[in-house]
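*Asks:* Please find the sequence and the predicted model below.
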Amino acid sequence: MSDPKLKNVFEAILKYGHDEDFAPQEGHHFGETQAPAGSREKLEVMAERVKMGQPLWHEDDRADYTGLTGAVRPRD
């Protein structure tokens with residue numbers, strides 16, 4: 001929903017309705033991600049889920065940081 005004529009969320013609600021009755025659908029392409037929380041990849045997966053009308057969370061999404069390593073920058 002990208003309408004440049006809409007100035008705010010209230011105008012969008014008047015035009016398109018509200019989401020109180022929204023029920024996400026898992027569908028065929030709803031799969032888990034092993035991307036860690038807060039990563040760009042995880043955010044992209046979640047954004048795509050929203051666009052597709054899917055649930056935001058998958059029960060098999062990565063739940064922790066086990067097995068991941070990260071770069072450590074020394075303090076100045």
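*Replies:* Right, received. Where do you want to start?
*Asks:* show me where the chain has strands.
*Replies:* In the chain, no strands are defined using DSSP state E.
*Asks:* low-confidence ranges in it?
*Replies:* Low-confidence segments of the chain (pLDDT under 70): 1-2.
*Asks:* 80 instead?
*Replies:* The chain contains residues with pLDDT under 80 at 1-4, 9, 17-22, 70-73, 76.
*Asks:* Show me the residue at the heart of it, geometrically.
*Replies:* residue 46 (2.2 Å; C-alpha atoms, centre = their mean).
*Asks:* I'd like the distance between that residue and residue 18.
*Replies:* Distance, residue 46 to residue 18, by C-beta to C-beta, to the nearest Å: 22 Å. All C-beta spots, glycine's among them, are computed from the backbone N, C-alpha and C.
*Asks:* who are the neighbours in contact with residue 42?
*Replies:* 33, 35, 36, 62 (C-beta atoms under 8 Å, 6 or more residues apart in numbering).
*Asks:* surely residue 46 meets residue 55?
*Replies:* No - using C-beta atoms under 8 Å, residue 46 is not in contact with residue 55; the gap is 10.1 Å.
*Asks:* Pull the number of nearby residues for the closest residue in space to residue 59 that isn't next to it in sequence.
*Replies:* Excluding the flanking residues, the one nearest residue 59 by C-beta to C-beta, 6 or more residues apart in numbering is residue 32, at 7.6 Å. Per other C-beta atoms under 10 Å, the neighbour tally for residue 32 reads 12.
*Asks:* Check this protein for its longest helix and report it.
*Replies:* helix 40-51 (DSSP state H).
*Asks:* chain center to that one, what's the gap?
*Replies:* Distance, stretch centre to chain centre, for helix 40-51: 4 Å (C-alpha atoms, centre = their mean, to the nearest Å).
*Asks:* Spit out the contact partners of the residue nearest to residue 60 when sequence neighbours are not counted.
*Replies:* Distance criterion C-beta to C-beta, 6+ apart; nearest residue to residue 60, sequence neighbours excluded, is residue 32 at 3.6 Å. By C-beta under 8 Å, 6+ apart, residue 32 lies in contact with 58, 59, 60, 61, 62.
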